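Asks: quick one, what's the 3D model for this:
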Amino acid sequence: MEPRLDDANLLKSIVAERWSQEQGENEDDTEQSVSEIASRNVCPDHLASSCVFLVGNRLAPIQPSRKELHFSGCESGVKMRKSLQLMNATSVRQRYHLLPNTTSYFKVTVRKRPGGLVPGMGDELVVDLLIPFGEELKACYSDHVRIHCDGGEHIKIPLLAYRCSGARLPKHINYGARSLLAQHTKTLSITNCSKEQDFPFRLCLECTDGCFEVSPPEGIIPSQGRAEIAIVYQPTEYSTSRGTLTLTVEELFCKAQTCNLVGSCVPGKP
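Replies: Below is the predicted model of the structure:
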């Protein structure tokens, strides 16, 4: 017996209704999964999670001309730029690409040669540092440039930015020929070129005969200011005195600076 027309229409309506319900459920599931991902702020990066990027990887086909980039003396609102060369260290043409960096302070751009990088040639990689104007400076900003290369060996270049005072000591101070027991003072100014940061400093004097004295032994260099240092030479015998003055400023990656002191004591000199 053939089904009646009314039964056929009823069957079609039931099937259409069930299909629309299933589609609605699928759409709800899709929207929920997307919203969950967005709420977790998850952005999967297959290369970053599956590849190993090493600093100074000598096996990578692309080699940077500098192992790392330092931005010394960063200030808010002041743009700084550093560059290096990415060299093809192999005998065949190479292709590579850069992964996005993880912070917004560093902007990395590379000027690639068309058709890939031929052996012995290099591309210029430029890194710009810009800290928003008015933002409170941190002690250090760090990131890295990740370079994905063909062949499974990858490399990364650390990026470091930090505050710097710019304080400098002269390498030598000569008091010349002086008379016995007379005091002779030389004054040095240690300047701070930073606009937003004061820097503590320490002075260490090494002298075998005690003819040199320095004051103050420690202090603070104010922002865009200077600290005065007095070095006194007072000979106690007829001889040549030598000393070494070491300046240490409390800032990141700061190397101690030394100044050699020389003074002579002879009869009849003022």
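Asks: count of residues packed around Ala161?
Replies: A count of nearby residues for Ala161, using other CB atoms under 10 Å, gives 26. Bear in mind the C-beta positions are built from the backbone N, C-alpha and C, glycine included.
Asks: what sits against it?
Replies: Applying CB atoms under 8 Å, 6 or more residues apart in numbering to Ala161 gives the contacts His70, Phe71, Cys74, Met80, Tyr105, Phe106, Leu129, Ile131, Cys140, Tyr141, Ser142.
Asks: with those residues in mind, which one is nearest to Asn192?
Replies: For the contacts of Ala161, the residue nearest Asn192 by CB to CB is Cys74; the value is 14.5 Å.
Asks: so that closest one, which of the three states?
Replies: Following DSSP: H, G, I helix; E, B strand; the rest coil, the label given to Cys74 is coil.
Asks: and what of the one 10 residues further on?
Replies: The three-state assignment at Leu84 reads strand, by three-state DSSP.
Asks: that one: neighbour count?
Replies: Residue neighbour count, defined by other CB under 10 Å, stands at 19 for Leu84.
Asks: follow-up on the earlier one: inside strands: which ones of the contacts of Ala161?
Replies: If you go by DSSP state E, the contacts of Ala161 have His70, Phe71, Met80, Phe106, Leu129, Cys140, Tyr141, Ser142 in strands.
Asks: need the residue closest to the centroid of the chain.
Replies: Centroid-nearest residue in the chain: Leu160, 0.9 Å away (criterion: CA atoms, centre = their mean).
Asks: tell me, what's the model's pLDDT at that one?
Replies: According to the model's per-residue confidence, Leu160 sits at a pLDDT of 90.
Asks: specify the beta-bridge partners of it.
Replies: Going by DSSP bridges, Leu160 is paired in beta bridges with His70, Ser142.
Asks: just Leu188 next, same as before
Replies: Beta-bridge pairing of Leu188 under DSSP bridges involves Ile229.
Asks: that one contacts Ile229, correct?
Replies: Yes: distance between Leu188 and Ile229: 4.5 Å, which falls inside the contact criterion (CB atoms under 8 Å).
Asks: low-confidence ranges in the stretch 101-250 of the chain?
Replies: 196 (pLDDT under 70).
Asks: all strands for the stretch 151-270 of the chain, in order.
Replies: With DSSP state E, counting those that start in this stretch as the criterion, the stretch 151-270 of the chain has strands at 154-162, 172-178, 184-191, 199-207, 212-215, 218-221, 226-233, 240-249, 257-265.
Asks: return the set of buried residues in the third one.
Replies: Judged by neighbour count (16 or more other CB atoms under 10 Å), strand 184-191 contains these buried residues: Leu188, Ile190.
Asks: now do it: everything it contacts.
Replies: Contacts with strand 184-191, where a contact means CB under 8 Å, 6+ apart, come from 165-170, 173, 175, 178, 201, 221, 225-234, 247, 263.
Asks: same question, stretch 165-181
Replies: 73, 184, 186, 188, 190-194, 197, 199, 201, 221, 231, 233-238, 245, 247, 249, 251, 257-270.
Asks: domains for the protein, by residue range?
Replies: The chain is divided into the following domains under automatic domain parsing: 49-162, 172-265.
Asks: re the thing from before, which one of the contacts of Ala161 is nearest to Tyr96?
Replies: Proximity of these to Tyr96 (CB to CB) peaks at Phe106, which lies at 18.7 Å.
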